[in-house]
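Colleague: Here is a sequence together with a model predicted from it:
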Amino acid sequence: MSRTADPLRLFEPRVIGTLLAFVGLCGTLFVLIAGWVGGLEAVVRAGPDLAAMMPSTAVALAALFAVHALFGRSGRPPKVTLIGLLMTAAFLPVINLIMLAVGASGLEASFAPVRDTDRMAAGTAILTLVACAATASLFLGSAARQGWTLALSTLGLSTSVAILIAHPFTPGSHYALPGCAEMSIFTAVALLTLFATLLVRLWERNED
């Protein structure tokens, strides 16, 4: 007797988490490759006067999505690979924050000509670091410490939703949220997807 696929399996946390992670990974890599390498302006910014997702942002978020896409199912990634991806995701926003603190342009401006307003926003850097901490807590922390993953992911998700609702995504706007003046709408959507992935992965762990 042939077995039929259970459509309800599509709503299992493992399937949802993997789907979200791969969508985020493909999206950020598409911005990096087709947008910045291939020169497609519409891929890096949603409109000619809107902020762009920067290459350093795309790389950092892609590294975090890769953790969840490649290792979410087993939950036991090789520590060297996991730590390498986490360090990549954390290093880029830290460098950008340091450059912003000393009044320098963003990391990309040091290597290529970009618009004066094109840089990783401080809000992007901070939320990426929050996602790094939540991911590290999920994969490296004990079961008793998963409360940190829940708290950080919930904070990040709610902040991303608030940014999408209230922020205009136009550099120089008087209505820009603090620390988000240079944030792209693509970045905000990617961050929301990342924090949603974290919460689904935590749900998956709790069901095991």
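Modeller: Arrived safely, thanks for sending.

Colleague: show me the contacts for R119.
Modeller: 54, 96, 100, 105-109, 182 (C-beta atoms under 8 Å, 6 or more residues apart in numbering). For glycine as for every other residue, the C-beta is placed from the backbone atoms N, C-alpha and C.

Colleague: try 6 Å
Modeller: 106, 182 (C-beta atoms under 6 Å, 6 or more residues apart in numbering).

Colleague: pretty sure it is in a strand, no?
Modeller: No. Secondary structure of R119 (DSSP: H, G, I helix; E, B strand; the rest coil): coil, not part of a strand.

Colleague: Tell me the spacing between it and T187.
Modeller: Distance of R119 to T187, given as C-beta to C-beta, to the nearest Å: 12 Å.

Colleague: Ok, P93 next?
Modeller: Counting by C-beta to C-beta, the gap from P93 to T187 is 11 Å.

Colleague: got it, and H68?
Modeller: As for H68, its distance to T187 is 18 Å (criterion: C-beta to C-beta).

Colleague: So between these two, which is more surrounded?
Modeller: More neighbours surround T187 than the other of H68 and T187, with 29 against 25 (other C-beta atoms under 10 Å).

Colleague: so the more buried one is in which element?
Modeller: T187 belongs to helix 185-207 when elements are defined using DSSP states H and E.

Colleague: Flag every buried residue along that helix.
Modeller: 185-202, 204-205 (16 or more other C-beta atoms under 10 Å).

Colleague: How many residues are close by A42?
Modeller: Using other C-beta under 10 Å, A42 is surrounded by 10 other residues.

Colleague: what's the answer for L19, then?
Modeller: 14.

Colleague: pLDDT weak spots in the chain?
Modeller: Across the chain, the ranges flagged by pLDDT under 70 are 1-11, 72-77, 110, 143-144, 207-208.

Colleague: just so I have it, where are all the helices in it?
Modeller: For the chain, the helices defined by DSSP state H cover 13-30, 41-44, 55-71, 79-101, 122-140, 146-166, 185-207.

Colleague: now the angle between helix 122-140 and the fourth one, please.
Modeller: Using axes from the mean of the first three to the mean of the last three C-alpha atoms, to 10 degrees, the inter-axis angle of helix 79-101 relative to helix 122-140 is 160 degrees.

Colleague: Could you do the last one as well?
Modeller: For the pair helix 185-207 and helix 122-140, the angle between their directions (the same axes, to 10 degrees) equals 20 degrees.

Colleague: So which elements touch helix 185-207?
Modeller: Secondary-structure packing of helix 185-207 (3 or more C-beta pairs under 6 Å, 6 or more residues apart in numbering; DSSP states H and E): helix 13-30, helix 55-71, helix 122-140, helix 146-166.

Colleague: can you give me the offset of it from its chain's centre?
Modeller: 9 Å (C-alpha atoms, centre = their mean, to the nearest Å).

Colleague: Using PDB, write down the CA coordinates of it.
Modeller: The C-alpha trace of helix 185-207 is given here as PDB (Å, rounded to 0.1, in the frame of the first residue of the first chain):
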ATOM      1  CA  ILE A 185      13.500  48.200   3.800                       C
ATOM      2  CA  PHE A 186      15.200  45.000   2.500                       C
ATOM      3  CA  THR A 187      17.300  44.900   5.600                       C
ATOM      4  CA  ALA A 188      14.300  45.300   7.900                       C
ATOM      5  CA  VAL A 189      12.500  42.500   6.100                       C
ATOM      6  CA  ALA A 190      15.600  40.300   6.300                       C
ATOM      7  CA  LEU A 191      16.000  41.000  10.100                       C
ATOM      8  CA  LEU A 192      12.300  40.200  10.700                       C
ATOM      9  CA  THR A 193      12.700  36.900   8.800                       C
ATOM     10  CA  LEU A 194      15.900  36.100  10.800                       C
ATOM     11  CA  PHE A 195      14.200  36.600  14.200                       C
ATOM     12  CA  ALA A 196      11.200  34.700  13.100                       C
ATOM     13  CA  THR A 197      13.500  31.800  12.100                       C
ATOM     14  CA  LEU A 198      15.100  31.900  15.500                       C
ATOM     15  CA  LEU A 199      11.700  31.700  17.200                       C
ATOM     16  CA  VAL A 200      10.700  28.800  15.000                       C
ATOM     17  CA  ARG A 201      14.000  27.000  15.700                       C
ATOM     18  CA  LEU A 202      13.400  27.400  19.400                       C
ATOM     19  CA  TRP A 203       9.900  26.000  19.000                       C
ATOM     20  CA  GLU A 204      11.400  23.100  17.200                       C
ATOM     21  CA  ARG A 205      13.900  22.500  20.000                       C
ATOM     22  CA  ASN A 206      11.100  22.600  22.600                       C
ATOM     23  CA  GLU A 207       9.100  19.900  20.700                       C
END
